[in-house]
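**Q** What follows is a predicted protein model with its sequence.
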Amino acid sequence: MTLEFDPIDEAARQWGQRWERVPAMHAVTSLMRVQQLVIGRLDAILKPHGLTFARYEALVLLVFSSRGSLPLGKMGERLQVHPTSVTSIVRRLESAGLITRRAHPDDGRAVLAEITPEGRALVELATQDLVDADFALGALEDDDLGTISALLRPIRQAAGDF
């Protein structure tokens, strides 16, 4: 369904008749809509692999780790998600045979998630599909993508991401 007008522009017009900060409202509404569109497209690309983007990110994180394993708590920190979400992600990846869970050798309280050879192979296939689809951002040039990243960095920094 394609509208004949931009609903965010219309919402901003009406917002401006009632409240202040139209540019901020327009930007955040646009940002949230694009996030919905991109996640939907990425999840559709990854679905044939049995993955969501959240599960894909967890596998990539393990690929990036020096030993192919990380404590679940560290995964949550690096993925910036709640521990309950990490547990759910890990459980699904484990049931698919893409990771294994094992006791941490140095910390009896911690559990490690370790990527399996099947998980590594799947990351390679899924990554190629995402790259081929320009991560659902093919409507933008590389310079524009850099600008977006630069514009969003101060917001992430102010929120304590790094």
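**A** Received it, and whenever you're ready, just let me know what you need.
**Q** Quick check: phi and psi at residue 113.
**A** Backbone torsions for residue 113, taken as degrees, to the nearest 10, come to phi -100, psi 130.
**Q** who touches it in this structure?
**A** 58, 62, 69-72, 75, 90, 93-94, 99-101 (Cβ atoms under 8 Å, 6 or more residues apart in numbering). (Glycine included, C-beta is placed from N, CA and C.)
**Q** can you rerun that using 10 Å?
**A** 58-59, 61-62, 65, 68-72, 74-75, 86, 89-90, 93-94, 98-102, 119 (Cβ atoms under 10 Å, 6 or more residues apart in numbering).
**Q** For those residues, which ChimeraX command selects only the ones that are buried?
**A** Applying 16 or more other Cβ atoms under 10 Å to those, the buried members can be selected in ChimeraX as follows:
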select :58,59,61,62,65,68,69,70,71,72,74,75,86,89,90,93,94,98,99,119
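**Q** Pass me the low-pLDDT residue ranges in the chain, would you?
**A** Applying pLDDT under 70 to the chain flags no residue at all.
**Q** all helices of it, in order?
**A** 7-18, 22-46, 53-64, 72-79, 83-95, 117-132, 142-158 (DSSP state H).
**Q** Tabulate those in JSON lines, adding columns for distance to residue 1.
**A** Compiled in JSON lines, the helices of the chain are given as follows (distance: least, Cβ to Cβ, whole Å):
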{"stretch": "helix 7-18", "distance to residue 1": "11"}
{"stretch": "helix 22-46", "distance to residue 1": "13"}
{"stretch": "helix 53-64", "distance to residue 1": "24"}
{"stretch": "helix 72-79", "distance to residue 1": "33"}
{"stretch": "helix 83-95", "distance to residue 1": "31"}
{"stretch": "helix 117-132", "distance to residue 1": "26"}
{"stretch": "helix 142-158", "distance to residue 1": "26"}
